[in-house]
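Peer 1: Below: sequence and its predicted model.
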Amino acid sequence: MRVRSLVLVAVLAAAASTAQAQTDEDAARDHFQAELAQQCPQKQLSLLSARDLRDGLDDYMASLGTDDRDRLQQAERNRCSGAETGGAACVNGADLAAADQIGRMQELATWVCGSFLRCRDQGVCDYAR
(Lines give C-alpha, C1' and ligand atoms only; values in the text may rest on other atoms or scores of the structure.)
Protein backbone atom coordinates (compact mmCIF):
# COMPACT_ATOMS: atom_id res chain seq x y z
CA MET A 1 0.00 0.00 0.00
CA ARG A 2 2.81 2.41 0.88
CA VAL A 3 4.57 1.78 -2.45
CA ARG A 4 1.34 2.47 -4.32
CA SER A 5 0.98 5.81 -2.48
CA LEU A 6 4.55 6.78 -3.35
CA VAL A 7 3.98 5.94 -7.00
CA LEU A 8 0.79 7.99 -7.03
CA VAL A 9 2.58 10.96 -5.47
CA ALA A 10 5.37 10.69 -8.04
CA VAL A 11 2.88 10.55 -10.93
CA LEU A 12 0.97 13.57 -9.60
CA ALA A 13 4.19 15.54 -9.12
CA ALA A 14 5.30 14.75 -12.68
CA ALA A 15 1.90 15.81 -14.05
CA ALA A 16 2.03 19.07 -12.11
CA SER A 17 5.54 19.77 -13.37
CA THR A 18 4.48 19.12 -16.96
CA ALA A 19 1.45 21.39 -16.55
CA GLN A 20 3.62 24.17 -15.12
CA ALA A 21 6.14 23.82 -17.97
CA GLN A 22 3.28 24.04 -20.46
CA THR A 23 1.92 27.15 -18.72
CA ASP A 24 5.40 28.76 -18.79
CA GLU A 25 5.77 27.93 -22.48
CA ASP A 26 2.32 29.31 -23.33
CA ALA A 27 3.06 32.55 -21.47
CA ALA A 28 6.48 32.83 -23.14
CA ARG A 29 4.99 32.19 -26.60
CA ASP A 30 2.38 34.91 -25.94
CA HIS A 31 5.14 37.29 -24.82
CA PHE A 32 7.18 36.44 -27.93
CA GLN A 33 4.21 36.98 -30.26
CA ALA A 34 3.47 40.32 -28.57
CA GLU A 35 7.09 41.41 -29.06
CA LEU A 36 6.98 40.43 -32.75
CA ALA A 37 3.70 42.31 -33.18
CA GLN A 38 5.25 45.38 -31.56
CA GLN A 39 8.64 45.30 -33.29
CA CYS A 40 7.81 44.15 -36.82
CA PRO A 41 4.05 43.82 -37.34
CA GLN A 42 4.25 44.28 -41.11
CA LYS A 43 6.30 41.07 -41.43
CA GLN A 44 3.51 38.86 -40.04
CA LEU A 45 5.98 36.58 -38.27
CA SER A 46 3.22 34.96 -36.27
CA LEU A 47 2.91 32.81 -39.41
CA LEU A 48 6.39 31.28 -39.00
CA SER A 49 6.42 27.49 -39.14
CA ALA A 50 8.02 25.58 -36.28
CA ARG A 51 10.93 24.77 -38.59
CA ASP A 52 11.50 28.40 -39.62
CA LEU A 53 11.29 29.55 -36.02
CA ARG A 54 13.77 26.79 -35.11
CA ASP A 55 16.22 28.24 -37.67
CA GLY A 56 15.86 31.70 -36.14
CA LEU A 57 16.27 30.35 -32.62
CA ASP A 58 19.35 28.34 -33.58
CA ASP A 59 20.97 31.44 -35.08
CA TYR A 60 20.05 33.47 -32.01
CA MET A 61 21.45 30.85 -29.66
CA ALA A 62 24.73 30.84 -31.58
CA SER A 63 25.04 34.57 -30.81
CA LEU A 64 24.65 34.10 -27.05
CA GLY A 65 27.36 33.80 -24.47
CA THR A 66 28.11 30.38 -23.07
CA ASP A 67 26.02 30.72 -19.89
CA ASP A 68 22.82 31.83 -21.61
CA ARG A 69 23.24 29.34 -24.45
CA ASP A 70 23.72 26.57 -21.89
CA ARG A 71 20.51 27.62 -20.09
CA LEU A 72 18.49 27.35 -23.30
CA GLN A 73 20.05 24.01 -24.21
CA GLN A 74 19.37 22.67 -20.71
CA ALA A 75 15.73 23.75 -21.01
CA GLU A 76 15.53 21.83 -24.29
CA ARG A 77 16.93 18.69 -22.67
CA ASN A 78 14.70 18.99 -19.62
CA ARG A 79 11.47 19.45 -21.54
CA CYS A 80 12.00 17.60 -24.79
CA SER A 81 14.18 14.56 -24.13
CA GLY A 82 11.35 12.00 -24.24
CA ALA A 83 10.30 10.40 -27.52
CA GLU A 84 6.73 11.65 -27.12
CA THR A 85 7.79 15.22 -26.29
CA GLY A 86 10.48 15.85 -28.89
CA GLY A 87 10.33 17.81 -32.10
CA ALA A 88 10.78 21.39 -33.20
CA ALA A 89 7.64 22.67 -31.48
CA CYS A 90 8.79 21.31 -28.11
CA VAL A 91 12.32 22.66 -28.47
CA ASN A 92 11.00 26.04 -29.63
CA GLY A 93 8.69 26.24 -26.62
CA ALA A 94 11.52 25.34 -24.26
CA ASP A 95 13.79 27.98 -25.79
CA LEU A 96 11.11 30.67 -25.67
CA ALA A 97 10.35 29.89 -22.01
CA ALA A 98 14.05 29.93 -21.10
CA ALA A 99 14.67 33.18 -22.99
CA ASP A 100 11.71 34.74 -21.20
CA GLN A 101 12.99 33.56 -17.81
CA ILE A 102 16.42 35.10 -18.35
CA GLY A 103 14.95 38.39 -19.60
CA ARG A 104 15.97 38.13 -23.23
CA MET A 105 12.60 38.02 -24.98
CA GLN A 106 12.81 41.52 -26.45
CA GLU A 107 16.29 40.80 -27.79
CA LEU A 108 15.17 37.45 -29.20
CA ALA A 109 12.22 39.04 -31.00
CA THR A 110 14.55 41.68 -32.45
CA TRP A 111 16.80 38.90 -33.74
CA VAL A 112 13.91 36.99 -35.32
CA CYS A 113 12.53 40.19 -36.87
CA GLY A 114 15.91 40.72 -38.50
CA SER A 115 16.13 37.12 -39.70
CA PHE A 116 13.00 37.19 -41.86
CA LEU A 117 11.70 39.58 -44.50
CA ARG A 118 8.05 38.60 -44.16
CA CYS A 119 5.55 35.76 -44.10
CA ARG A 120 2.98 35.61 -46.87
CA ASP A 121 1.00 32.69 -45.46
CA GLN A 122 1.26 30.10 -42.70
CA GLY A 123 4.74 28.61 -43.05
CA VAL A 124 5.52 30.58 -46.23
CA CYS A 125 8.19 32.99 -45.01
CA ASP A 126 11.19 34.64 -46.65
CA TYR A 127 14.55 34.64 -44.91
CA ALA A 128 16.51 37.88 -44.78
CA ARG A 129 19.80 36.14 -45.53
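Peer 2: Looks like it arrived, so ask away. Quantities reported herein were computed from a predicted structural model and do not represent experimental measurements.

Peer 1: Would you map the strands across the chain?
Peer 2: Using DSSP state E, the strands found in the chain span residues 116-121, 124-127.

Peer 1: The last one pairs with which strands, parallel or anti?
Peer 2: Here the strand partners of strand 124-127, with direction, are listed using DSSP bridges: strand 116-121 (antiparallel).

Peer 1: hmm, back to that, may I see the strands of the chain organised as JSON lines, with distance to Gly56, mean neighbour count and mean pLDDT added?
Peer 2: All C-beta spots, glycine's among them, are computed from the backbone N, C-alpha and C. Output for those, formatted as JSON lines (distance: least, Cβ to Cβ, whole Å; neighbours: other Cβ atoms under 10 Å; pLDDT from 0 to 100):
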{"stretch": "strand 116-121", "distance to Gly56": "7", "mean neighbour count": "15", "mean pLDDT": "96"}
{"stretch": "strand 124-127", "distance to Gly56": "9", "mean neighbour count": "14", "mean pLDDT": "95"}
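
Peer 1: Please convert these to JSON lines, extending it with distance to Arg69.
Peer 2: As requested, the strands of the chain are exported to JSON lines (distance: least, Cβ to Cβ, whole Å):
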{"stretch": "strand 116-121", "distance to Arg69": "21"}
{"stretch": "strand 124-127", "distance to Arg69": "22"}
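
Peer 1: Which of the ones you listed sits closest to Ala27?
Peer 2: Across the strands of the chain, Ala27 has its closest neighbour in strand 116-121 (23.0 Å, Cβ to Cβ).

Peer 1: So what touches that closest one?
Peer 2: Residues from elsewhere that reach strand 116-121, judged by Cβ atoms under 8 Å, 6 or more residues apart in numbering: 42-48, 52, 56, 125-128.
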